[in-house]
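Q: the sequence and its predicted three-dimensional model are supplied below.
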Amino acid sequence: MNVLPDHRLIDGKAVKSRILTQVNAYTKLQGNMPRLVSICIGNNPEVAVYVRNQERGAQQAGLPFEQLHWDHEITQEACKTQILAMNDDPSVLGIILQRPVPDHINVRSLQSAVHPLKDVEGMNPASIGNIVYSDVALAPCTAAASVELIKETGLDLKGLEIVMIGHSEIVGKPAAMMLMAEGATVTVCHHMTRSVAMHSRRADVVVVAVGKPHLIGPEMIKPGAVVIDIGINQIEQDGETRIVGDVDTKAVLAVAGWITPVPGGVGPVTVAILMRNAIVAHQRQVAAGWI
Amino acid sequence: MTATIIDGKEFAARVRGQVALHVARLKADHGITPGLAVVLVGEDPASQVYVRSKGKMTVEVGMKSAEYRLDVETSEADLLKVIEDLNNNPDIHGILCQLPLPKHLNEDLIINSISPAKDVDGFHISNVGLLGTGQKSMVPCTPLGCLMMLRDHHGSISGMNAVVVGRSNIVGKPMAQLLLNDSATVTIAHSRTKDLADVVRGADIVVAAVGRPEMILGDWIKLGATVIDVGINRLDAPEKGEGKTKLVGDVHFDSCAAVAGAITPVPGGVGPMTIACLLANTVTACCRANGLAEPEGLTA
């Protein structure tokens, strides 16, 4: 039996494939594109899944993708030297620094070493600074993905009340800044917030990125609101391992106007945004006369 | 209920006193004198007043003040050279390029040519990003001053509901980041916000930085809330005589003071804190440059 798709569920895979098609059209026009370089430091089985997804996304986008695996004993200095060399190498389009890294590596310092024009992950402080100043074209992928998914509802973000739950440096803070740049009234809640529900219940949009399975229930959501679930949590249920978000999707579905599922919501779009960032980087490098 | 008036003049003097103490210690213990360079291009009268009082206060707290007054026609290349020399000068720990710059100069380019470690205004794009991600940075002076006042009044602002009205790059945005980093729950409201009065009514802390005279009214304020008024607006004041003007904030002072727990006046509230925080930032930059512990109570 065919089950009709639930219109309240925002289909991240469809958004992903639409973005990748757009990127692919650009790369086809350009012909020979320089490559994305993914750097894994040390051995991280959990990172491998992400990298595989990125590689597949790059393929669909028509972008060459190189995987580097650096030994877990590599020094900070050696990492930095190699990254600086990539900054100067016109055949490298963008640099992706996979996390986590070994303890002796200062990941922030390496992120700062990636030139802003090659910072496809949007992690260099200057890239974040641009976002704060409302230049959001090259933003951290997950934050940009959540904005993209809100726009997917067709709502105009200007004047919307948006509650961001979670104020991490990679997701919550940049997402809040991007949403503000879009004209929304943004409230950022976190673990010290007295009553998250008091804030979230009045919000037109709730974006959640805390990493706690099923933290957000229907009693926290205004009827008809948009719920963007960035959480990815592994839980054991009935002897099985499952991936769930920070939102109790099934229960919240009864209240929300739109909701992103996990998996299949923000995750796929994040990969597509990385590729879109790559073409923004390409355009900026061309404009700067680098290529 | 009548609000406590937060006296910015008195508080700023206290901050400058702390700065002077640190400067004296740096000299005595390490033989280092913090140095602040102020670059002024052109002859904008308001800027000249600022630069003069900055220079005066820099010397008063025992720091070295260097002023660079450049001709209004100064080329971009020449200005960049001045900044580059200051970046490389080990006796200079803070560089401030007085804004606005003459039209022919690219402000972003000039500001971003200042070494982020010496960017005591906190406007370099890297500092903006570092603050935006909760990392160690140089923090813009006015919001830093507001944060100091709030910490002084409340002890801790963790868990409080803060509403920042206005999303300017110089005040609103960095203010929101600072409040977040101190674990307040932060809402950034602005001209697009639908029911501003209602949003403000939820706040334990209101920071007003919109540039609209006396926009925030007493019935927007929760009983006992703290109100920080960053606005400085000049209005005609015919009641004081013909052609007279007065300064007012973004907050309607009388009606808000009747409800608030504490409030900053205009003038004499946030205003005096800005230069005090510039001096504080210079000491911080000097300590960081020399690998010394940062001055307590003077940083974000």
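A: Yep, it's here.

Q: what number of residues lie near A:His69?
A: Residues near A:His69, counting by other C-beta atoms under 10 Å in any protein chain shown, number 14. In this view, the C-beta of every residue, glycine as well, is placed from N, C-alpha and C.

Q: all strands for the stretch 1-150 of chain A, in order.
A: A:35-41, A:65-70, A:92-97 (DSSP state E, counting those that start in this stretch).

Q: oh sorry, the question was meant for the stretch 151-300 of chain B
A: B:161-165, B:185-189, B:205-208, B:226-229, B:233-236, B:245-248, B:262-263.

Q: what's the first one packed up against?
A: What that stands for is strand B:161-165. Packing partners of strand B:161-165 (3 or more C-beta pairs under 8 Å, 6 or more residues apart in numbering or on different chains; DSSP states H and E): helix B:172-181, strand B:185-189, helix B:196-201, strand B:205-208.

Q: kindly format the C-alpha coordinates of the shortest one as PDB.
A: Extracted in PDB, the C-alpha atoms of strand B:205-208 (Å, rounded to 0.1, in the frame of the first residue of the first chain):
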ATOM      1  CA  ILE B 205      17.400  43.000  31.800                       C
ATOM      2  CA  VAL B 206      16.600  45.400  29.000                       C
ATOM      3  CA  VAL B 207      19.500  46.900  26.900                       C
ATOM      4  CA  ALA B 208      18.200  49.600  24.600                       C
END
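
Q: now check it, is it near chain A?
A: No. Under the criterion of C-beta under 8 Å from any C-beta of the partner chain, chain A is not reached by strand B:205-208; the shortest gap measures 13.1 Å.

Q: show me the shaky parts of the stretch 51-200 of chain B.
A: The model of the stretch 51-200 of chain B has no residue with pLDDT under 70.

Q: ok, chain A next?
A: A:1-4.

Q: kindly recompute the last result at 90.
A: The model of chain A has pLDDT under 90 over residues A:1-7, A:43-46, A:169-170, A:237, A:291.

Q: can I assume A:Thr270 is in contact with A:Glu148?
A: No. With contact defined as C-beta atoms under 8 Å, A:Thr270 does not count as touching A:Glu148 (9.4 Å).

Q: compare these two (neighbour count), which wins?
A: More crowded of A:Thr270 and A:Glu148, by other C-beta under 10 Å: A:Thr270, with 25 against 22.

Q: most tightly packed of the strands of the stretch 1-150 of chain A?
A: strand A:92-97 (a mean of 24; mean count of other C-beta atoms under 10 Å in any protein chain shown).

Q: relative to strand A:35-41, how tilted is it?
A: In terms of direction (axes from the mean of the first three to the mean of the last three C-alpha atoms, to 10 degrees), strand A:92-97 departs from strand A:35-41 by 20 degrees.

Q: which stretch of helix or strand covers A:Ser168?
A: Using DSSP states H and E, A:Ser168 sits in no helix or strand.

Q: show me the contacts for the nearest residue to it once chain neighbours are set aside.
A: Taking C-beta to C-beta, 6 or more residues apart in numbering or on different chains, and ignoring the residues beside it in sequence, A:Ser168 has A:Ala209 as its nearest neighbour in space, at 6.3 Å. Contacts for A:Ala209 (C-beta atoms under 8 Å, 6 or more residues apart in numbering or on different chains) come out as A:Thr142, A:Ser146, A:Met164, A:Ile165, A:Gly166, A:Ser168, A:Val171, A:Gly172, A:Ala175, A:Ile230, A:Gly231, A:Asp246.

Q: same question for B:Arg201.
A: Contact analysis of B:Arg201 by C-beta under 8 Å, 6+ apart lists B:Trp220, B:Ile221, B:Lys222.

Q: how about the residues of the stretch 151-291 of chain A by chain B?
A: Residues of the stretch 151-291 of chain A lying near chain B (C-beta under 8 Å from any C-beta): A:158-159, A:161, A:167, A:169, A:173-174, A:176-177, A:180, A:183-190, A:192-194, A:199.

Q: pull out the buried residues from those residues.
A: A:161, A:167, A:169, A:173-174, A:176-177, A:180, A:183-190, A:192-193, A:199 (16 or more other C-beta atoms under 10 Å in any protein chain shown).

Q: among those residues, which are in strands?
A: When DSSP state E is applied, those are split such that A:Glu161, A:Thr185, A:Val186, A:Thr187, A:Val188, A:Cys189 fall in strands.

Q: and those, which is closest to B:Arg16?
A: A:Val188 (32.7 Å; C-beta to C-beta).

Q: who is the closest one paired with across the strands?
A: Beta-bridge partners recorded for A:Val188 (DSSP bridges): A:Met164, B:Val186.

Q: tally of neighbours for B:Leu180?
A: 23.

Q: who's in contact with it?
A: Residues in contact with B:Leu180 (C-beta under 8 Å, 6+ apart) are A:His167, A:Lys173, A:Val188, A:His190, B:Gly134, B:Val186.

Q: adding distance to A:Pro90, write the strands of the stretch 151-300 of chain B out as a markdown table.
A: Listed next are those as a markdown table, based on distance: least, C-beta to C-beta, whole Å:
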| stretch | distance to A:Pro90 |
| --- | --- |
| strand B:161-165 | 43 |
| strand B:185-189 | 40 |
| strand B:205-208 | 46 |
| strand B:226-229 | 50 |
| strand B:233-236 | 51 |
| strand B:245-248 | 55 |
| strand B:262-263 | 57 |
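
Q: format those strands as JSON lines; extra columns: mean neighbour count.
A: JSON lines is the format used below for the strands of the stretch 151-300 of chain B (neighbours: other C-beta atoms under 10 Å in any protein chain shown):
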{"stretch": "strand B:161-165", "mean neighbour count": "29"}
{"stretch": "strand B:185-189", "mean neighbour count": "28"}
{"stretch": "strand B:205-208", "mean neighbour count": "28"}
{"stretch": "strand B:226-229", "mean neighbour count": "28"}
{"stretch": "strand B:233-236", "mean neighbour count": "12"}
{"stretch": "strand B:245-248", "mean neighbour count": "16"}
{"stretch": "strand B:262-263", "mean neighbour count": "22"}
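
Q: how about those strands, which one is nearest A:Ile74?
A: strand B:185-189 (39.1 Å).

Q: run through who's touching the closest one.
A: By C-beta under 8 Å, 6+ apart, the surrounding residues in contact with strand B:185-189 are A:176, A:180, A:185-190, A:192-194, A:199, B:159-167, B:172-173, B:176, B:179-180, B:196, B:199-200, B:202-203.

Q: ok, 7 Å please
A: A:180, A:185-189, A:193, A:199, B:161-165, B:167, B:172, B:176, B:179-180, B:196, B:199-200 (C-beta atoms under 7 Å, 6 or more residues apart in numbering or on different chains).

Q: alpha carbons only: can I get the helix ranked longest in chain B in PDB?
A: The helix that spans the most residues within chain B, counting by DSSP state H, is helix B:8-30. Output of helix B:8-30 as PDB, limited to C-alpha atoms (Å, rounded to 0.1, in the frame of the first residue of the first chain):
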ATOM      1  CA  GLY B   8      28.000  55.800  35.000                       C
ATOM      2  CA  LYS B   9      30.300  58.600  35.700                       C
ATOM      3  CA  GLU B  10      31.100  57.200  39.100                       C
ATOM      4  CA  PHE B  11      31.400  53.700  37.800                       C
ATOM      5  CA  ALA B  12      33.600  54.700  34.900                       C
ATOM      6  CA  ALA B  13      35.900  56.500  37.300                       C
ATOM      7  CA  ARG B  14      36.100  53.300  39.400                       C
ATOM      8  CA  VAL B  15      37.000  51.300  36.300                       C
ATOM      9  CA  ARG B  16      39.700  53.800  35.300                       C
ATOM     10  CA  GLY B  17      41.000  53.600  38.900                       C
ATOM     11  CA  GLN B  18      41.300  49.800  38.500                       C
ATOM     12  CA  VAL B  19      43.000  50.300  35.100                       C
ATOM     13  CA  ALA B  20      45.500  52.800  36.700                       C
ATOM     14  CA  LEU B  21      46.300  50.200  39.400                       C
ATOM     15  CA  HIS B  22      47.000  47.500  36.800                       C
ATOM     16  CA  VAL B  23      49.200  49.900  34.800                       C
ATOM     17  CA  ALA B  24      51.200  50.800  38.000                       C
ATOM     18  CA  ARG B  25      51.600  47.100  38.700                       C
ATOM     19  CA  LEU B  26      52.700  46.300  35.100                       C
ATOM     20  CA  LYS B  27      55.300  49.100  35.400                       C
ATOM     21  CA  ALA B  28      56.600  48.100  38.800                       C
ATOM     22  CA  ASP B  29      56.600  44.300  38.400                       C
ATOM     23  CA  HIS B  30      57.500  44.000  34.700                       C
END
